[in-house]
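*Asks:* Pasting a predicted model and its sequence here:
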Amino acid sequence: MSRRRWGVAALAVGALSASLAVAPANADVETNGHHGYSKTRTVGYFIQWGVYDRNFRVKNLVDSGAAARLTHLNYAFGFLDEAGKCVSADPWADWQMPHTAEQSVNGKADEAGQVLAGNLNQLKQLKAKYPKLRINISLGGWTGSRYFSNAALTPESRAAHVKSCTDMWIKGDLPGLPEGAAKGVFDGIDLDWEWPGSNGNMAPPNVVRPEDKQNFTKLLAEYRRQMGWNRDLTAFLPADPKQVDAGFEVRKVFCYLTFGTLQGYDYHGAWDAPANQQSALRVPKGDPSEFEFSSEVTVNAWLSRGAPRSKAVLGVPFYGRGWDGVAPGTRNGLFGTGVPAPAKYEAGYEDFHRIKAKLSEPGSAYKIYRDGKAGFAWIYDGKTWWTYDDATEMKRKARYINDRRLGGAMIWSLDGDTPQGELIKALDGALK
């Protein structure tokens, strides 16, 4: 299960109603994880379903060294029901699945009858081992955003949504368990509404309303009213400038957010015929696309509309996008047409460590190519073409974040790295 993010694919609160929470004067000040008092963040997503086919556990974050390098960990995803209230997407993975001693962060096997098991118990153990790590529950995602518009629609629906989510994930009142069974696991909430005012997933289609743009701001205000200002409130934000304008009152939104993560990937994929970059810093020369997308385009869109640099966190991918049947052309397959490349979990989508392994397979004809000016890499064997970010590109992204004085980097998703944490070590090591 992957996550195609988009279909391409002086506080300004005076205009809000008097019922909205008002940001304190020091709302931009925070203490972030292991880096102490710092604005640079290393944020990583842990996917709930990774415990199945990928057999990727919370303990893997310890073994790879990733946990020690993260300031924030987002657990993806919690879902919303039709009324807009929080529900678990998978209770078995969340709090029921038992872990053996070898699978557990603390090295002890879960016991029969214990109140809390699953990923949440492992996150609780992770927090005990890394007490400065902030762990947030991420709500929505590509397949879980259908009913956000319902949640945000009215003052009553917003209040009910936030109460249900904070009761479940912050207070830890999980269905069927004693009150507060998961209290203390999560520090805050990450909203992945994809997208206010414009559609994301179309099967089934999300509920979309013209007033989503204003209602998203009001929803954030309701979160602050109920949660206060000492908890993280973050949001995943789109790459497409058109979706920015359709769904976000940027200055007002960032008044409420601890920080926002900007989509830095899925600029192109196998839904497009031409083999093209999916995470380049800049638009490559000769790009045949009708609309140009890149990290620079995205960052400039948000900053020009009022997002503070210190709160703008750039997303980076630990996976790649691929095409098959691509003719060589003049640029080693770049912009050649093809179809989704065969892959382990989804055609056209592959984890970084699996793409890296293709280079060393017996008889492999793959070679690495780079566009240093645009800032992206790909491998190509004369037929199959994969674009991805390796350690070299991660360092390039970190330098860009440093040079633009952005608020850090966000990773989708941590399971794509090598067991040795090759990508996160390169990324975090180069961030200032």
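*Replies:* All right, it came through fine.

*Asks:* Contacts only, for Val115.
*Replies:* With contact taken as C-beta atoms under 8 Å, 6 or more residues apart in numbering, Val115 is in contact with Leu177, Pro178, Ala181. C-beta: built from backbone N, CA, C; applies to glycine.

*Asks:* Out of those, the closest to Ala203 would be?
*Replies:* Distance to Ala203, by C-beta to C-beta, is smallest for Leu177 among the contacts of Val115, at 33.0 Å.

*Asks:* Hmm, Leu116 and that closest one touching each other?
*Replies:* Yes. With contact defined as C-beta atoms under 8 Å, Leu177 counts as touching Leu116 (7.0 Å).

*Asks:* neighbour count winner among these two?
*Replies:* Using other C-beta atoms under 10 Å as the criterion, Leu177 and Leu116 rank with Leu116 on top: 20 against 15.

*Asks:* which one is that one nearest to, not counting chain neighbours?
*Replies:* Spatial nearest neighbour of Leu116, excluding adjacent residues (C-beta to C-beta, 6 or more residues apart in numbering): Ala181 at 5.2 Å.

*Asks:* roughly how far apart are that neighbour and Gly322?
*Replies:* Going from Ala181 to Gly322 by C-beta to C-beta, to the nearest Å gives 42 Å.

*Asks:* For whichever strand or helix holds Asp403, C-alpha coordinates in CSV please.
*Replies:* For Asp403, the enclosing helix or strand under DSSP states H and E is helix 391-404. Taking C-alpha atoms only, helix 391-404 is exported to CSV below (Å, rounded to 0.1, in the frame of the first residue of the first chain):
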residue,chain,number,x,y,z
ALA,A,391,22.3,9.5,-0.2
THR,A,392,23.9,12.0,-2.7
GLU,A,393,20.5,13.5,-3.5
MET,A,394,19.5,13.6,0.2
LYS,A,395,22.6,15.6,1.0
ARG,A,396,21.7,17.9,-1.9
LYS,A,397,18.2,18.3,-0.4
ALA,A,398,19.7,19.1,3.0
ARG,A,399,21.9,21.8,1.5
TYR,A,400,18.9,23.3,-0.2
ILE,A,401,16.9,23.3,3.1
ASN,A,402,19.9,25.0,4.8
ASP,A,403,20.4,27.6,2.1
ARG,A,404,16.7,28.5,2.0
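
*Asks:* List the contacts of the helix or strand that that helix is followed by.
*Replies:* Tracing the chain past helix 391-404, the next element assigned as helix or strand by DSSP H and E is strand 408-412. Surrounding strand 408-412, the residues in contact under the criterion C-beta under 8 Å, 6+ apart are 3, 5, 39-45, 71, 259, 261-262, 264-265, 313-319, 397-398, 401, 423-424, 427-428, 431.

*Asks:* What pairs with strand 408-412, parallel or antiparallel?
*Replies:* The pairing partners recorded for strand 408-412 under DSSP bridges are strand 41-47 (parallel), strand 312-317 (parallel).

*Asks:* And those: which comes nearest Leu281?
*Replies:* So among the strands paired with strand 408-412, strand 312-317 is nearest, using C-beta to C-beta, at 9.4 Å.

*Asks:* who touches the closest one?
*Replies:* Around strand 312-317, the neighbours that count as contacts under C-beta under 8 Å, 6+ apart are 41, 43, 236, 259-266, 278-279, 295, 298-299, 302-303, 352, 388-389, 394, 397, 400-401, 406-412, 416, 427.

*Asks:* Give the next helix or strand downstream of that strand.
*Replies:* Next element after strand 312-317 (DSSP H and E): strand 319-324.

*Asks:* Can I get that following strand in CSV, CA atoms only?
*Replies:* C-alpha atoms of strand 319-324 as CSV (Å, rounded to 0.1, in the frame of the first residue of the first chain):
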residue,chain,number,x,y,z
TYR,A,319,11.0,5.5,-2.5
GLY,A,320,11.1,5.9,-6.3
ARG,A,321,8.8,6.0,-9.3
GLY,A,322,9.4,3.8,-12.4
TRP,A,323,8.5,3.2,-16.0
ASP,A,324,9.0,0.2,-18.2
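
*Asks:* now for the following helix or strand past it, which elements pack on it?
*Replies:* Per DSSP H and E, the first helix or strand lying C-terminal to strand 319-324 is strand 339-340. Other helices and strands packing on strand 339-340, by 3 or more C-beta pairs under 8 Å, 6 or more residues apart in numbering; DSSP states H and E, are strand 319-324.

*Asks:* as a whole number, average confidence for the strand it packs on?
*Replies:* For strand 319-324, mean pLDDT rounds to 98.

*Asks:* likewise stretch 173-187?
*Replies:* On average, stretch 173-187 scores 98.

*Asks:* Next: stretch 372-385.
*Replies:* The pLDDT scores in stretch 372-385 average 98.

*Asks:* can you check stretch 219-227 too?
*Replies:* Stretch 219-227 comes out at a mean pLDDT of 98.

*Asks:* one step back: please say which of Ala181 and Gly322 ends up with more neighbours.
*Replies:* Neighbour tally, Ala181 and Gly322, criterion other C-beta under 10 Å: the higher count belongs to Gly322, 28 against 17.

*Asks:* Skipping its backbone neighbours, what lies nearest that one in space?
*Replies:* Counting by C-beta to C-beta, 6+ apart, the residue nearest Gly322 is Ala341, at 3.4 Å.

*Asks:* Over to Gly200?
*Replies:* Nearest residue to Gly200, sequence neighbours excluded (C-beta to C-beta, 6+ apart): Glu194, at 3.7 Å.

*Asks:* can you give me the helices in the stretch 151-300 of the chain?
*Replies:* 155-165, 212-227, 241-247, 250-256, 295-304 (DSSP state H, counting those that start in this stretch).

*Asks:* for Ala327, what are its contacts?
*Replies:* Ala327 makes contacts with Gly333, Gly336, Thr337, as judged by C-beta under 8 Å, 6+ apart.

*Asks:* can you put these in a markdown table and add neighbour count?
*Replies:* Converted to a markdown table, those look like this (neighbours: other C-beta atoms under 10 Å):
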| residue | neighbour count |
| --- | --- |
| Gly333 | 24 |
| Gly336 | 20 |
| Thr337 | 14 |
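
*Asks:* Give the partner strands of the longest strand seen in the chain in its sheet and their orientations.
*Replies:* Using DSSP state E to define each element, the chain has its longest strand at strand 72-80. Partners of strand 72-80 in the sheet, by DSSP bridges, are strand 41-47 (parallel), strand 86-88 (antiparallel), strand 134-140 (parallel).
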